[in-house]
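**Q** Got a predicted structure plus its sequence, pasted below:
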Amino acid sequence: MSDRADSNVKLLTASIAFCLLLSVWAPFAWAVDVPDSQAPGPAVVAAEAASADAPAQTPGLDKGDNAWLLTSSALVLMMTGPGLALFYGGLVRKKNVLSVMMQCTFLMAMMSIVWALYGYTLSFGGDGAPTPPKWIGNLDHFLMRGVQAELRNGNSHLPPHPVYTTLPRMTHMLFQAMFFVITPALICGAFAERMKFSAMVLFMILWGTVVYIPLCHWVWGGGILAYGSPNAVVGHGALDFAGGTVVHIASGVSALVCAVMLGKRLGYGSEPMPPHNLTYTTVGAALLWIGWFGFNAGSALQADGIAASAFAATHFAAAAGGLAWAIMEWITRGKPSVLGTASGVVAGLVCITPAAGYTLPMHAILMGLAAGVACFLACTKLKSMFRYDDALDAFGVHGIGGTLGAILTGVFATRAVNDVGKGKPLGLVDGGDLIFAQIGATVITWGLALVASFVILKIVDALVGLRVSAAEEIEGLDLSQHGEEGYIFI
């Protein structure tokens, strides 16, 4: 084993050991009887008093809301595995299929632990306060304190969310955890077939901490981009229902930085690199479509009319995106493809994500059509023009589709669907000026993702190196990084 490889193993082992130590210590630290003198503040007390007839463990709990959010959490997790794992796995060459699936599966595990340890508290700590933290969440929920069940005066108590009072804080934490899992997995599409696994692990921990967590707080935790927040720095704040900025722009732009900094795959542009199994990709796209209902409609955080509207908008945008991409191929190439249709579906889903709970279904169709065309052009013309190797088009679909969706939210958001502004006009269809805040939030997200991803990649490169050797790349990452093969026919 080389000195660098040995240092990689030691670094990763130390990181995992530290996480395990915190996980073992946490239950002893927080499993204590909390006396009334240490009870939560007024917001939580009000939530607990919301319903005298609710179950004793979590006063105010609405079983329907809770069941819907738990189901949505499972749907969003399914988007990473098997959804994204199959979608991306089918697009690479067969010698790399397991490497992509391993990345998705490993991230499901690793990012979940990071979220439980400190990700949730830095994203949402203080979100129920009259003036939430401006830049980053506080440590109220470090190691899930105030989230997991506790003894209060000898009785079991599961803390409610101070804002969404019909939900336990635990359910909110789980739902948001699934977003933290899938977002870095989306980036893997840009550096597929050439990044070291150890580099991927370190990059994702740092990226989740430096990019995702602050951005999540800015948009959903009452920070500088949150609509209606006293901390808003662009107008009254921007609207992002389910992750146009937090998930798609952040991951897509970071994917572009990764693709450029790692360089092209060996033989890119001179050797054919067709997807090895489009059946995987098609099944993965279908699972993503289904899971996205949890992603978007679940973001209503209640089983209500807004959830129903978001569900409808999500479905029709996906359908329109698939049709638009297929038609563009039909016009330009003479034949529509299953890969193009699947990619168009995902493009429509990406575009509608920030607008899902604010937009009428008919407007969602327009957004889906626009996304199908724009992302098709990004993945063909733009990519060819600038000659970057975004292996699985993470930037072309998520970066471009997310940017388009964030801006179009400023056009189509209407109080007829969600009167989040309490009577104030929202998008251009309402006669509002939201679009300026949407553009501002988009620019800020692009800037954070570009700069932070560049710096993180430089750090990771200095520590463990970014790219596998030429020999390892030719052999394939399945064997060189994991010692396994995806297909063994005996």
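**A** Yep, it's here. Being a predicted model, the structure only gives us computed values, none of them experimental. Residues are numbered from 1 along each chain as shown.

**Q** How about stretch 441-461, which residues are buried there?
**A** 441-442, 444-446, 448-449, 452-453, 456-457, 460-461 (16 or more other C-beta atoms under 10 Å). Where C-beta positions appear, they are placed from N, C-alpha and C, glycine not excepted.

**Q** Ok, stretch 364-378 next?
**A** 364-376, 378.

**Q** I would like the residues contacting that stretch, please.
**A** The contact list for stretch 364-378 (C-beta atoms under 8 Å, 6 or more residues apart in numbering) reads 312-314, 316-325, 327-329, 340, 343-344, 347-348, 350-352, 355-356, 359, 393, 395-397, 399-401, 404-405, 408, 412.

**Q** returning to that earlier point: using CSV, lay out the buried residues of stretch 364-378 together with pLDDT.
**A** CSV is the format used below for these (pLDDT from 0 to 100):
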residue, pLDDT
364, 98
365, 98
366, 98
367, 98
368, 98
369, 98
370, 98
371, 98
372, 98
373, 98
374, 98
375, 98
376, 98
378, 98
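
**Q** want to throw these into a markdown table with secondary structure?
**A** What follows is those, written out as a markdown table (DSSP: H, G, I helix; E, B strand; the rest coil):
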| residue | secondary structure |
| --- | --- |
| 364 | helix |
| 365 | helix |
| 366 | helix |
| 367 | helix |
| 368 | helix |
| 369 | helix |
| 370 | helix |
| 371 | helix |
| 372 | helix |
| 373 | helix |
| 374 | helix |
| 375 | helix |
| 376 | helix |
| 378 | helix |
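
**Q** re the thing from before, out of the buried residues of stretch 441-461, which sit inside helices?
**A** 441-442, 444-446, 448-449, 452-453, 456-457, 460-461 (DSSP state H).

**Q** can you map out the strands along the stretch 51-200 of the chain?
**A** Ranges of strands in the stretch 51-200 of the chain, per DSSP state E, counting those that start in this stretch, are 150-152, 155-157.

**Q** what residue ranges in the chain score low on pLDDT?
**A** 1-59 (pLDDT under 70).

**Q** quick one: the residue nearest the centre of it and residue 400, what's the gap?
**A** In the chain, the residue lying closest to the centroid (C-alpha atoms, centre = their mean) is residue 183, at 3.2 Å. The gap separating residue 183 from residue 400 is 17 Å, by C-beta to C-beta, to the nearest Å.

**Q** And residue 428, by the same measure?
**A** From residue 428 to residue 400 the distance is 21 Å (C-beta to C-beta).

**Q** Same question for residue 309.
**A** 25 Å.

**Q** Looking at the two, which is more packed in?
**A** Neighbours per residue, other C-beta atoms under 10 Å: of residue 309 and residue 400, the larger number sits with residue 400, 27 against 22.

**Q** close enough to count as contact, residue 338 and residue 282?
**A** Yes. At 5.7 Å, residue 338 counts as touching residue 282 under the criterion of C-beta atoms under 8 Å.

**Q** And these two? Which one has more around it.
**A** Taking other C-beta under 10 Å, residue 338 and residue 282 do not tie; residue 282 has more neighbours (18 against 13).

**Q** Count the neighbours of residue 362 for me.
**A** With other C-beta under 10 Å as criterion, residue 362 counts 11.

**Q** next SSE after the helix or strand containing it?
**A** Assessed by DSSP states H and E, residue 362 sits inside helix 361-377. Moving toward the C-terminus from helix 361-377, the next helix or strand (DSSP H and E) is helix 383-386.
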